[in-house]
Every structure is written in C-alpha cells, then in structure tokens.
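Q: only the shape, not the letters, is given here:
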C-alpha cells in the first residue's frame, strides 16, 4: 500500500468489481471488455460514472469510449488528478 | 457511524443469515454512508439471492423512458435494498415509450410489472416548448397535442394493466427563448409548460393509480444549470450530471416505496436534545431551549417536521429516559412547544432501556416492531437499538441539530402518494385513545370513568352527505356488528328513500375530541314493530355504553312513531362475538324457535323502556321527517 500507483489500481479494480458484480480477484489492471463477461456498453457507462463518483474526477465524455481497460482508466484518472 | 469498509464486511456476513433484519439495517447504513454506483453494485451482488433477502418483498419495476436511464437503475435497486425491498428494474427500449404502451404485445405488458415509471423530459415530448420560439408564436397547439398524447397513453395503459404508473412532470427551461418577455405572456413558453403540468395533474387525478413524479420540481430544486450535463446528453443521451444520478434515483425510489404497503407507521422520538435543547432533568423545564422562531430554531423545525408526519397519518410516540413529571411539564406547559401530549399515541417516559420502550410501544399500538422508526440524537442509543431491535428502522442523524429536520423529511419511508380522511385523522385518534386509557386507569369506578369522558351522541338520519360513511361502516365494521350486512352507497340511498325505512348515523364526541360518525342503525317497519336490519358500532368506541344510548333512543323513536316492539337479529360471524350479548343485556326476549344468542330478539316497547345512561348526552333530530 506504499506504492500510490498500485493503490490507485487496487481501488479502480474494487470499483469495477462492484459495478460488474464480480469478485475483485477476478479482475486485474489488464482486464478489458474481452476478458470480463459483464463488461458491456451499459456497464461501461456505469463504470465511467462510478469512477467519476468514487474519484471525484470528471472524465470528458469523448474520452469514455477509449477507456477500454482498467489500465487505461487508471492512467486517465492519474491524468485528470494531475491536471 | 462505522466506516464503509467495516459496514461492507459486516453486511457480507449478515447476508448469510436467515433473519434479514440485521442485513437490512447495515444496507441502510452503508447506503447512507456511501451512496454511489460502486456501493449499489456491492449491495446488489451481496444481497440479491442471499438468505437474508429471501423473505424481502420483490417488486418488478418497468421504466418507460425517453432518455438514458441505465446508470440510474442500480441506484434504484440499492435504495430498495436499503429499505428491505428487492426491486427488479427493467428499462424499456430507448425512446419507444409510446409504442410500448400502445402495443398490447410489448415487453412492458409481457413483463407484468408491479410498478411503471414514465420518465420523460420536456425536450423529448415537446421540443418546441423546450427550445422555445422567439417572438409571439403561440404554444396552444403544442399544449393541446402533448396533453392529448399523455391522455391517450395513460388511459391506454390503464386499460391494459392495473400496475401503478408514475409520470414525470415536465421541467422548465432555464432560459426561455423570449427572455424576460416570456414571463409577461400568459401563453408564453414557461406558462405553457405550467399549463401542461396542470393538465397532467388533472389527468392522473381521474385515472386510478396514476401519479405525478414531480421531475420539473426536482430539477428546479437543484437548479436547471446544475442538473443538466450537455456533454453527456450529446455523447450518451444521459441528461443529468453524475452528481444528480442519486438525486433522481432517490426520488423514484421514494415513490416506489410509497407504493408498497406502509413500512413506517410510528416515529418513536427521544426528548432531551432531540425535541428540545438541553436535559430537562438537569436544566429544569424553564432551562431547556425550544426557540421562538421556526426560521432559526432547529428544535421548532424538528417539531414542525414531526407535526407534518402526524398530519400524514404517521403516529408519534415518545421514548425518553426522564422523570415523567419533568418531561410532561415541558410537553404540557412550555409556551413555545409545537408538540403537545395530545399529539402522541404512546409515551414511555421512564428509566427503561430504549429497546424495552420500543417493544412496549409496538405492543401498545398493536403494530409490528418493523414499522417503528427510532429518532434519537444519541449515537450510542441508536446503535443499541440497531443491535437489540434490528427490525426497527433508525434514522441516522448528523451531528448538527440544524440538520435534524431535513433528515426526518428526507427519510423515504414517511412518503405517501395517497391520503384519505382516515389517514389524516389517524394520529389524532390514536392519541385520544391513549388519553382515554389513562383516564380509565385513574378512574375509581367504571361509572366514574364514563362520567369523566363527557360523551355526547348526535344521532341524525343518514343524508346524501353521510351516505359514503354509512356504507363504509357496513363494509368495514366486523366486531360490534349485529348482522354484518354489507351495503353499497346505492343500496343505502334506496333505504333512505323508502318511506318504511329509517337509517340513522351516530356521531360520538367526548372530552378528547370528535370520533366522527362511528355508529349506524337501520330499521324497517314490520307490522306494528320496527325490525332492526343493521346495528353497528366502530371498535373505536365500544365498551363505553354507547350502544345502550343508541338502543334507548331508537326505541323511543319507534314508540313515538306508534310501534309496539323493536325486533333485532344477531347473525354470528367469526368476528362479531363482542356484539353477541347486546340484545339480551337490554331486555330483549329471544323469539321462540331461535337459538340464542343467534336468531331473532324482540323488545316490547309497551312493557319496558331502555334508559339512556346518565353519563351520555344524546342530541337527536327534533322531528323525523319520515317517521310519522
């Protein structure tokens, strides 16, 4: 938990697990819509909005379709928080 | 309140228990601590299908919509779980609400929903009213078209299903196209939307189980600019900002929960530092703070919020650790109090524990403990009640008393979508009943008690104004009802029009208030006798010799009209044992061939007179138009 980068990843994984309704240990930073059955277009929108709620970050709507892995999502949050 | 992570762990464990009460309480706490989509997902995956939620009511909700509602759905489910209800929520296809209502084969009807929401916005149903046209264009045609569309949709819906329907009212644009000029026009853009909403309201008032969900009001409360997210609207047809997803889902849930049988019937309030500032046992009745102005006093605001619930039919009760004399001194005499003893249906002012008081109050009011809502400023007491009486609901209060009133008003289970006259009077009736019971306890004899009640009866022929109540009494009275004959308004109207029938409504007042019309007597001529067809009394006033006064009065009227006997029948049912001995107790003789107490009873008006008890004043009509 001392590494802020892995801490953020763990928190994103936890949020995604809640949104997809799956145990957190079935997800990783590499998870994508191809590897997660519950990750469809509707839960993608819910994931984006959950991240906004949980990390107080406003993701630009035009960026949302591109954030198709938890890794990319973590990077986006970091970008928004750094900005 | 515990941290969300701890609540999650405890909830995950409680979800595996068969008794769902603890899980429900934890779900409610967790949802209040972190009302976000991630929490909603956790609640759903932890509770749906779990042993704890197995006994919770399940309600299927179908959302007809003109915009993206998907992110709202898990939030509505979470609101339900926090209240112990499993909502199974489905959305119709995007912007196809009209086809889905009109097509009898649609997914809407096939899913046989319990509740349906029609979620629309002004810009979807009336684009020209949302954008507006500058200048003097009339919106009259749009108003007519949209209101007629609503009417067709709602009436078609009602023909096809009995599911309650909640319809969004229309929101106002933040800036009308005509600028400040629009406000000058009675037929302007804003005025036309108001007109549409007014027509929507009269539409739902005339359709069974159709309700308005005040979307326009909700947007206005939060501000149109703060509510709307133009970029998400363009990208995903999601009109509102992320911050307001929970606001709209919460508003939907308030209505959906109000459509379930009432889950909160009684608010059990602490006194010190909850209804007033300070501790009366230490500060004295003059040392506590109530405040002078509702604008500034949190205590008066709390009392006003509770008084509003009282007028909604929600009972108020007190659970306070105090000497009764200290607390009653404030309740009875403090000049600024809004709440008085007559507002409370039950009082537990003692040194009992709060869980003990809650159980006693539930027993006294004859309600389930799961319909009690506990209101106490002390977090230790709240936690004690959560642990010891997990089926009761607990309102989580913020630290600042200035926020208490809002917490009471925001508690979703106090909402009602319908309010009958009976609902409005319920809290007062219960409170009066408590005062009568106290009087009975302090009376030295039963006669002394009857005298101290200061009862008066007003007996009058049933008129068109009292017809509905008379019919309702025949439909609902089971215990003190000699014949249990159920009559519609039309049937009673026929009786009162017939020359050889008499129908009398009995209103009972006492020192604690007016019970309203609680008795009914109907009799017809049978040779020289009056035959009593219906004789009933609401359970609210039984055990107070009211029936003696009624029979005495009826006998006198019959004698005045030349009758020689009163004939009564008793038809036993599973529930009317309390009425079984009435005719025998008033000197009626069983007619040979009948088997007491069932059968036919006769009272000879020439030989005997039934006396009105001396403790009851009877006010009858001076003459009876049809009794000659």
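A: In hand now; what should we look at? As the structure is a prediction and not an experimental result, all values here were calculated from the model.
Q: pLDDT value on residue B:597, please?
A: Listed pLDDT for residue B:597 reads 68.
Q: so residue 59 is in which element?
A: As the question left the chain open, I've gone with chain A. For residue A:59, there is no helix or strand it lies in under DSSP states H and E.
Q: other chain: chain B
A: Residue B:59 belongs to strand B:58-65 when assigned by DSSP H and E.
Q: who's in contact with whichever helix or strand comes after that strand?
A: Counting by DSSP H and E, the next helix or strand C-terminal to strand B:58-65 is helix B:72-83. Defining contact as C-beta atoms under 8 Å, 6 or more residues apart in numbering or on different chains, one finds that helix B:72-83 is touched by A:19, A:46, B:24, B:27-28, B:30-32, B:35, B:37, B:39-41, B:43-44, B:47-48, B:53, B:59, B:61, B:63, B:86-87, B:89, B:91, B:245-246, B:248-250, B:252-253, B:256-257, B:263, B:412-413. To be clear about C-beta, it is placed using only N, CA and C from the backbone, and glycine gets the same treatment.
Q: next up, the contacts around residue 27.
A: Assuming you mean chain A. The contact partners of residue A:27, taken as C-beta under 8 Å, 6+ apart, are A:13, A:16-17, A:20, A:36, A:70.
Q: my question was about chain B
A: Contact partners of residue B:27, counting by C-beta under 8 Å, 6+ apart, are B:11, B:43, B:47, B:81-82, B:84.
Q: please report how far it lies from chain A.
A: For residue B:27, the distance to chain A (C-beta to the nearest C-beta, to the nearest Å) stands at 14 Å.
Q: what about that residue, which SS state?
A: helix (DSSP: H, G, I helix; E, B strand; the rest coil).
Q: likewise residue B:456?
A: Three-state call for residue B:456 (three-state DSSP): strand.
Q: let me see the contact set for it.
A: By C-beta under 8 Å, 6+ apart, the contact list for residue B:456 reads B:508-510, B:616-619.
Q: where does pLDDT dip in the chain?
A: You didn't pick a chain, so chain A it is. Judged by pLDDT under 70, chain A has its weakly predicted residues at A:1-5, A:83.
Q: ah, I was thinking of chain B
A: For chain B (pLDDT under 70), the answer is B:134-135, B:596-597, B:622-628.
Q: near chain A, which residues of it are found?
A: Near chain A, the residues belonging to chain B are B:36-42, B:44-45, B:68, B:70-71, B:74, B:231-232, B:234-236, B:238, B:242, B:245 when assessed by C-beta under 8 Å from any C-beta of the partner chain.
Q: thinking again about what came up before, just the buried ones from the contacts of residue B:456?
A: Buried members of the contacts of residue B:456, counted by 16 or more other C-beta atoms under 10 Å in any protein chain shown: B:508-510, B:616, B:618.
Q: what is the nearest of the residues you listed to residue B:519?
A: Set against residue B:519, the nearest of the buried ones among the contacts of residue B:456 by C-beta to C-beta is residue B:508 (7.0 Å).
Q: longest helix of chain A?
A: In chain A, ranked by residue count with DSSP state H as the criterion, the top helix is helix A:4-20.
Q: related to what we said a few turns ago, and of the contacts of residue A:27, the nearest to residue B:197?
A: Residue B:197 has its nearest neighbour among those in residue A:20, at 39.5 Å by C-beta to C-beta.
Q: my guess is the closest one contacts residue A:38. True?
A: Yes. Counting by C-beta atoms under 8 Å, residue A:38 is a contact partner of residue A:20 at 4.0 Å.
Q: and residue B:88, how far from chain A?
A: For residue B:88, the distance to chain A - C-beta to the nearest C-beta - is 14 Å.
Q: sorry, that was for residue B:105
A: From residue B:105 across to chain A, the span is 25 Å (C-beta to the nearest C-beta).
Q: mind checking how far that residue is from residue B:111?
A: According to C-beta to C-beta, to the nearest Å, residue B:105 and residue B:111 sit 12 Å apart.
Q: the two - which one has more neighbours?
A: Legend: neighbour count by other C-beta atoms under 10 Å in any protein chain shown for residue B:105 and residue B:111, higher for residue B:111 (16 against 7).
Q: before we move on, back to that, export the contacts of residue A:27 as CSV, with columns for distance to residue B:274.
A: Shown next, in CSV, are those (distance: C-beta to C-beta, whole Å):
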residue, distance to residue B:274
A:13, 43
A:16, 42
A:17, 40
A:20, 42
A:36, 48
A:70, 47
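Q: who are the contact partners of the residue in the stretch 1-150 of chain B that chain A sits nearest to?
A: Nearest residue of the stretch 1-150 of chain B to chain A, counting by C-beta to the nearest C-beta: residue B:41, 3.5 Å away. The contact partners of residue B:41, taken as C-beta under 8 Å, 6+ apart, are A:17-21, A:46, A:50, B:74.
Q: number of residues surrounding the nearest residue to it once chain neighbours are set aside?
A: Excluding its sequence neighbours, the residue lying closest to residue B:41 (C-beta to C-beta, 6 or more residues apart in numbering or on different chains) is residue A:18, at 3.5 Å. When counting by other C-beta under 10 Å, one arrives at 27 neighbours for residue A:18.
Q: wait, residue A:18 sits on residue B:34?
A: No. Between residue A:18 and residue B:34 there is no contact under C-beta under 8 Å: 10.5 Å.
Q: what segments of chain A are strands?
A: In chain A, no strands are defined using DSSP state E.
Q: interface residues of it facing chain B?
A: Within chain A, the positions lying close to chain B (C-beta under 8 Å from any C-beta) are A:14-15, A:17-22, A:42, A:45-46, A:49-50, A:52-54, A:58, A:60-62, A:64.
Q: who are the packing partners of the longest strand along chain B?
A: In chain B, taking DSSP E as the definition, the longest strand is strand B:513-526. With contacts taken as 3 or more C-beta pairs under 8 Å, 6 or more residues apart in numbering or on different chains; DSSP states H and E, strand B:513-526 sits against helix B:421-442, helix B:467-476, helix B:489-497, strand B:501-510, strand B:529-537, helix B:546-560.
Q: direction included, what does it pair against?
A: The strands that strand B:513-526 pairs with in its sheet are strand B:501-510 (antiparallel), strand B:529-537 (antiparallel) (by DSSP bridges).
Q: okay, buried residues for it please.
A: B:514-525.
Q: same question for stretch B:443-462.
A: Buried residues in stretch B:443-462, counted by 16+ other C-beta under 10 Å: B:449-450, B:452-453, B:455-462.
Q: kindly report the same for stretch B:424-435.
A: For stretch B:424-435, by 16+ other C-beta under 10 Å, it's B:425-435.
Q: now do stretch B:323-337
A: Residues of stretch B:323-337 classed as buried by neighbour count (16+ other C-beta under 10 Å): B:326-331, B:337.
Q: contacts for it, please.
A: For stretch B:323-337, contacts defined as C-beta under 8 Å, 6+ apart pick out B:271, B:276, B:280-281, B:284-285, B:288, B:290-292, B:300, B:303, B:318, B:320, B:339-341, B:349-350.
Q: can you flag which of the residues you listed belong to strands?
A: B:318, B:320, B:349-350.
Q: what subset of those residues is buried?
A: Counted by 16+ other C-beta under 10 Å, these give B:318, B:320, B:349-350 as buried.
Q: what sits against residue B:95?
A: B:65-67, B:124.
Q: go again using 10 Å as the cut-off
A: Listed by C-beta atoms under 10 Å, 6 or more residues apart in numbering or on different chains, the contact partners of residue B:95 are B:64-68, B:120, B:124, B:237.
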